[in-house]
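In: need coordinates for the below:
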Amino acid sequence: MLKYLLLVLLLLAPSVQAEAISADDENEPQVTIRHDAGKTYYEYRVGGELREIKVVPENGKPYYLVPAQGEFIRHEESQLLVPKWILFSW
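Out: Numbering: from 1, shown residues only. A predicted model of the protein is given here:
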């Protein structure tokens with residue numbers, strides 16, 4: 001049913017392209033990339049919950065939208081904290 005709904009949405013909105021990059025670990029963010037109206041949107045979800053959206057316009061500086069109480073707050077830096085370790089560097 002979900003695949004059918006997604007197919008219908010993609011057919012109705014041909015200018016929007018979406019691709020999802022899934023994570024094996026539930027603590028890692030799942031990233032969905034969409035292209036629309038000269039902008040690229042990266043939706044970051046952790047455990048199925050939308051955590052932030054990175055907006056990359058064709059012209060201009062990227063910014064982040066973070067959901068807060070039914071609206072989005074704009075930030076210049078990412079608010080998503082994901083553990084990252086450097087094991088080797090040379």
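
In: which stretches of this protein form helices?
Out: 2-12 (DSSP state H).

In: any weak-confidence spans in the protein?
Out: Applying pLDDT under 70 to the chain picks out residues 1-27, 82-84.

In: now H75. Nearest residue, chain neighbours left out?
Out: Leaving aside its sequence neighbours, H75 sits nearest to Y64 (C-beta to C-beta, 6 or more residues apart in numbering; 4.6 Å). Placement of C-beta: from N, CA and C, glycine included.

In: identify the bridge partners of the one you found.
Out: K54, H75 (DSSP bridges).

In: next one: K39
Out: Under the criterion used (DSSP bridges), K39 bridges to D36, P57.

In: which residues touch the residue nearest to E76 when sequence neighbours are not counted?
Out: Nearest residue to E76, sequence neighbours excluded (C-beta to C-beta, 6+ apart): Y63, at 6.0 Å. By C-beta atoms under 8 Å, 6 or more residues apart in numbering, Y63 lies in contact with K54, V55, R74, H75, E76.

In: thought the residue nearest to H75 was touching S78?
Out: Yes - applying C-beta atoms under 8 Å, one finds Y64 in contact with S78, separated by 5.5 Å.

In: what sits in contact with each of those two?
Out: Listed as contacting both Y64 and S78 by C-beta under 8 Å, 6+ apart are E52, K54.

In: returning to what we had before: now a ChimeraX select for only the buried ones of the contacts of Y63.
Out: Of the contacts of Y63, the buried ones go into a single ChimeraX selection, burial set by 16 or more other C-beta atoms under 10 Å:
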select :54
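
In: and which of the contacts of Y63 is nearest V31?
Out: K54 (9.0 Å; C-beta to C-beta).

In: which one of Y64 and S78 is surrounded by more residues?
Out: Y64 (20 against 15; other C-beta atoms under 10 Å).

In: who's in contact with that one?
Out: Y64 neighbours (C-beta under 8 Å, 6+ apart): E52, I53, K54, V55, R74, H75, E76, E77, S78, Q79.

In: same thing but 6 Å
Out: Going by C-beta atoms under 6 Å, 6 or more residues apart in numbering, Y64 touches E52, K54, H75, S78.

In: done for today, thanks.
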